[in-house]
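# the sequence and its predicted three-dimensional model are supplied below.
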Amino acid sequence: MNGKKKLKAVVVALLCASVFFAAAGCGSPDPSSLSYLDDTVAVEGLGEGFTVSIDELSKLDAVSKKTEATRSNGDIVKITAVGPTLATFLEKFGGGKQLADFSSVRFSSTDGYSIAVPKEILAKREVVLAYMDGNNAFAKDTAPLRSIVVGERAMYWARMVNKIEFETGTGEALTNKVVFLDNALPALKGKQSKEEGGYIVSTVDLLSKYGGLDGGESGKVFMAAFDGLKKNETIENFLKGYIKYTGENTPQFCSPELPEGMNLNGIVTIRTGKSLYVSLSRGAELWDKKSAAGKEGVGFSDVVKDQGLDRNGLFQLTDKDGNTALLGEHDMVKGVFANDGKGEWSFYSKDLDPVMGVVSIEVVKAS
């Protein structure tokens, strides 16, 4: 074969290959035929609320990110997320604001799922507002929009997104009450749930008894788990649920009214309004061990660190029988909360009588 024939053969081969790859969908994804192109997503927190259509989003500069994440049940979710980044969205609709201006961005879905992506994740991860998976349109149980936090677990992702809220500040007041879930939940005598696999107490009953029922100024509940996961939830969604305190993954926030992905396992702290709920058993697995009065356990400083505790007063400890003891901060920081081996936690400090089965500590103003 001479040189001209070889060149012709190469050109033909390249043309055939280009036709093949085009037919296989190897070009840029085309969203123009999406059946949900006219669907809209509500946007709040950028001044006056507005809606944006998938068609409008598709006209912004898009990225294509192949990524995967793990669900709480161990399943792996994979996607090639096609759509604009959240930063690109703000460039168009944010009125000069940037992601750094917000404490979190909340994505809500038509099935009731809701997740707030906190500031620290927004700072290090790319968020894609995906309207397609590669060259494929989303199925009905995913459309019209999927928020993908590249490199984060699937709990921070959301499908069927119909609202995006840009949130500023937490509105958190100083904590003035600490409630220990280890003693408080059994004292409320919850009910056994075969569905959840353990005893549960409704969040309404818990907060009605110990505080934070309105969610405070922010209207949010802030939760932290043993594995480092932090999330905040609207008080309305939180009050639809339960805290499971026996069985696996306890303490666990769960609810039959909310998607399973909104469960939170191994809770260490729950903060709502001025009340802080703490699992000492989970905290003991995370914090350095302290010793006092011949006991080894959890120190008071670890319990309340980074929680904005009101220290202007004395601390009133209440046990499971309603008895109280009034201590100063110097006594609190010298003591430890220790497990008696039967699941009950008590407070021990040198030269002081122990407070058995402590349920709560409340800050009271000195007279």
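Structure's in. What do you need?

# alpha carbons only for contacts and neighbour counts from here, please
Noted.

# please tell me I have it right and residue 210 contacts residue 274.
No - the pair formed by residue 210 and residue 274 falls short of the contact definition of Cα atoms under 8 Å, at 10.2 Å.

# show me which of those two is the more surrounded one.
residue 274 (21 against 17; other Cα atoms under 10 Å).

# what about residue 142, how many residues close to it?
With other Cα under 10 Å as criterion, residue 142 counts 17.

# test my guess that it contacts residue 159.
Yes - using Cα under 8 Å, residue 142 is in contact with residue 159, at 5.0 Å.

# quick one: contacts for residue 212?
272, 273, 274, 275 (Cα atoms under 8 Å, 6 or more residues apart in numbering).

# most neighbours among these, which one is it?
Most surrounded of those: other Cα under 10 Å gives residue 272, at 28 neighbours.

# can you list the domains in the protein?
Domain segmentation of the chain under automatic domain parsing yields 29-167, 177-364.

# can I get those domains in CSV with mean pLDDT?
Below are those laid out as CSV (pLDDT from 0 to 100):
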stretch, mean pLDDT
domain 29-167, 93
domain 177-364, 92
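
# among the contacts of residue 212, which are in strands?
Cross-referencing the contacts of residue 212 against strands under DSSP state E gives 272, 275.

# closest one of the contacts of residue 212 to residue 123?
Nearest to residue 123 among those: residue 272, at 24.9 Å, using Cα to Cα.

# might one say that that closest one is in contact with residue 232?
No - taking contacts as Cα under 8 Å, residue 272 lies outside contact range of residue 232: 9.8 Å.

# anything in contact with each of those two?
Common neighbours of residue 272 and residue 232 (Cα under 8 Å, 6+ apart) are 220, 221, 222.

# partner residues bridging the second one?
It stands for residue 221. residue 233, residue 272 (DSSP bridges).

# look up how far residue 300 lies from it.
Distance, residue 221 to residue 300, using Cα to Cα, to the nearest Å: 22 Å.

# now do the first one
For residue 220, the distance to residue 300 (Cα to Cα) stands at 25 Å.

# next: residue 196.
From residue 196 to residue 300 the distance is 32 Å (Cα to Cα).

# residues contacting the closest residue to residue 250 other than its chain neighbours?
Once flanking residues are discounted, residue 250 sits nearest to residue 266: 5.0 Å by Cα to Cα, 6 or more residues apart in numbering. When contacts are counted by Cα under 8 Å, 6+ apart, residue 266 touches 225, 226, 227, 249, 250, 251, 252, 282.

# again, but for residue 271
Residue 271 neighbours (Cα under 8 Å, 6+ apart): 221, 222, 223, 277.

# try 10 Å this time
Residues in contact with residue 271 (Cα atoms under 10 Å, 6 or more residues apart in numbering) are 172, 175, 178, 212, 215-216, 220-224, 232, 277-278, 307.

# show the buried residues in those residues.
Burial by neighbour count, 16 or more other Cα atoms under 10 Å: within those this picks out 172, 175, 178, 212, 215-216, 220-224, 232, 277-278.

# quick one, strands of the stretch 1-150 of the chain?
40-44, 50-53, 63-70, 76-83, 104-109, 114-118, 127-130, 132-133, 136-137, 146-149 (DSSP state E, counting those that start in this stretch).

# tell me which of those strands sits nearest to residue 354.
Taking the strands of the stretch 1-150 of the chain one by one with Cα to Cα, strand 114-118 is closest: 39.6 Å.

# contacts for the strand or helix carrying residue 346, please.
Using DSSP states H and E, residue 346 sits in strand 345-348. Residues from elsewhere that reach strand 345-348, judged by Cα under 10 Å, 6+ apart: 180-183, 280-281, 291-300, 317, 319, 331-332, 334-340, 353-359.

# hmm, back to that, filter the contacts of residue 266 to the buried ones?
225, 226, 250, 251, 252, 282.

# distance of the first one relative to residue 328?
As defined by Cα to Cα, residue 225 lies at a distance of 30 Å from residue 328.

# give me the most central residue, this protein.
The centroid of the chain falls nearest to residue 231 when counting by Cα atoms, centre = their mean (2.2 Å).

# quick one: residue 327 and residue 315 touch, right?
Yes - using Cα atoms under 10 Å, residue 327 is in contact with residue 315, at 5.2 Å.

# report the contact partners of the nearest residue to residue 38 once chain neighbours are set aside.
Nearest residue to residue 38 in three dimensions, chain neighbours excluded: residue 53, at 5.7 Å (Cα to Cα, 6+ apart). The contact partners of residue 53, by Cα under 10 Å, 6+ apart, come to 36, 37, 38, 39, 40, 41, 42, 144, 145.

# how far away is residue 131 from residue 53?
For residue 131 relative to residue 53 (Cα to Cα), the value is 11 Å.

# shared neighbours, those two?
With Cα under 10 Å, 6+ apart, residue 131 and residue 53 have common neighbours 36, 37, 144, 145.

# quick one: the helices in the stretch 151-300 of the chain?
Ranges of helices in the stretch 151-300 of the chain, per DSSP state H, counting those that start in this stretch, are 181-187, 203-210, 235-238, 280-286, 300-304.

# tell me the buried residues in the first one?
For helix 181-187, the buried set under the neighbour-count rule, 16+ other Cα under 10 Å, comprises 181, 182, 183, 184, 185, 186.

# convert the C-alpha atoms of it to PDB, please.
What follows is helix 181-187, C-alpha atoms only, in PDB (Å, rounded to 0.1, in the frame of the first residue of the first chain):
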ATOM      1  CA  LEU A 181     -28.500  10.800  77.700                       C
ATOM      2  CA  ASP A 182     -27.100   7.700  79.400                       C
ATOM      3  CA  ASN A 183     -29.200   8.400  82.500                       C
ATOM      4  CA  ALA A 184     -32.000  10.600  81.200                       C
ATOM      5  CA  LEU A 185     -33.300   8.300  78.400                       C
ATOM      6  CA  PRO A 186     -33.900   5.200  80.700                       C
ATOM      7  CA  ALA A 187     -35.400   7.500  83.300                       C
END
